[in-house]
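Participant: sequence-free structure coming up:
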């Protein structure tokens, strides 16, 4: 009987000791293999462009940006990758932004080793993994229904890109203003158009023109 290929796992965390610990945890399990590591958004995007990954363990907070933005870009570039956000913080807004961008799991770094291994295998098989302490937040949000903000599905970075699109900026100009590469900006534009159901940039500008000022992504405190 031919054994299946091991699950290709990548680790993105700015703390080397965390990455080493995770890599050590996976060592010795024939069905798991670490294929790459990164310590920042920039390194993660470089890894994304070069290495096929089955499951990505991704820190939410990175020194040069948000892991949630990495999740958005990665889902566009490698849509088959299953992503587990791994964090020390039980921030409800980060949780829902991560799930909204397509993360398959959200775990705290206090998760026990065997539980993390089980979560890796579960999400690779198509399931989801949520830290038990966060389940009440998901249930409460579901009970309240969908939030009224029409831009809730967008990450903060996507909102910033959207505001610049509405200002008539090109991808090059957006890249310069946000200190991103044009390729990354294209990922954000593609993702936000898809999330909002728009086919063209002009639809985004027209939509924002109709929004009340307190719901615009360039309003105070909304980006």
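Facilitator: Done, it's in. Quantities reported herein were computed from a predicted structural model and do not represent experimental measurements.
Participant: so where does residue 36 fall, helix or strand?
Facilitator: strand 32-38 (DSSP states H and E).
Participant: ok, residues contacting that strand?
Facilitator: If you take C-beta atoms under 8 Å, 6 or more residues apart in numbering as the criterion, strand 32-38 is touched by 6-12, 19, 22-23, 26-27, 44, 46-47, 50-53, 117, 120. C-betas here are computed from N, CA, C, even on glycine.
Participant: need the longest helix for this structure.
Facilitator: Scanning the chain for the helix with the most residues, using DSSP state H, yields helix 182-196.
Participant: which helices and strands sit right next to that one?
Facilitator: If you count contacts as 3 or more C-beta pairs under 8 Å, 6 or more residues apart in numbering; DSSP states H and E, helix 182-196 packs onto helix 67-77, helix 156-166, helix 171-178, helix 201-210.
Participant: list the contacts for the residue most central in space within the chain?
Facilitator: When C-alpha atoms, centre = their mean is applied to the chain, the residue found nearest the centroid is residue 71 (2.2 Å). By C-beta under 8 Å, 6+ apart, the residues touching residue 71 are 58, 83, 85, 98, 101-103.
Participant: so what pLDDT did the closest residue to it other than its chain neighbours get?
Facilitator: Leaving aside its sequence neighbours, residue 71 sits nearest to residue 101 (C-beta to C-beta, 6 or more residues apart in numbering; 4.8 Å). Note for residue 101: predicted pLDDT of 82.
Participant: for residue 101, what are its contacts?
Facilitator: Taking C-beta under 8 Å, 6+ apart, we find residue 101 in contact with 68, 71-72, 75, 155, 191.
Participant: and if you look at residue 56?
Facilitator: Neighbours of residue 56 in contact, by C-beta under 8 Å, 6+ apart: 9-10, 12, 74, 81-84.
Participant: And those, which is closest to residue 163?
Facilitator: residue 74 (23.0 Å; C-beta to C-beta).
Participant: Isn't that closest one up against residue 46?
Facilitator: No. Using C-beta atoms under 8 Å, residue 74 is not in contact with residue 46, being 11.8 Å away.
Participant: returning to what we had before: can you mark which positions in the longest helix of the chain are buried?
Facilitator: Neighbour-count burial for helix 182-196, counted by 16 or more other C-beta atoms under 10 Å, picks out 184-189, 191-193, 195-196.
Participant: closest to residue 160 among those residues?
Facilitator: residue 188 (8.6 Å).
Participant: dump the residue contacts of that closest one.
Facilitator: Residue 188 is in contact with 69, 72-73, 157-158, 161, 180, counting by C-beta under 8 Å, 6+ apart.
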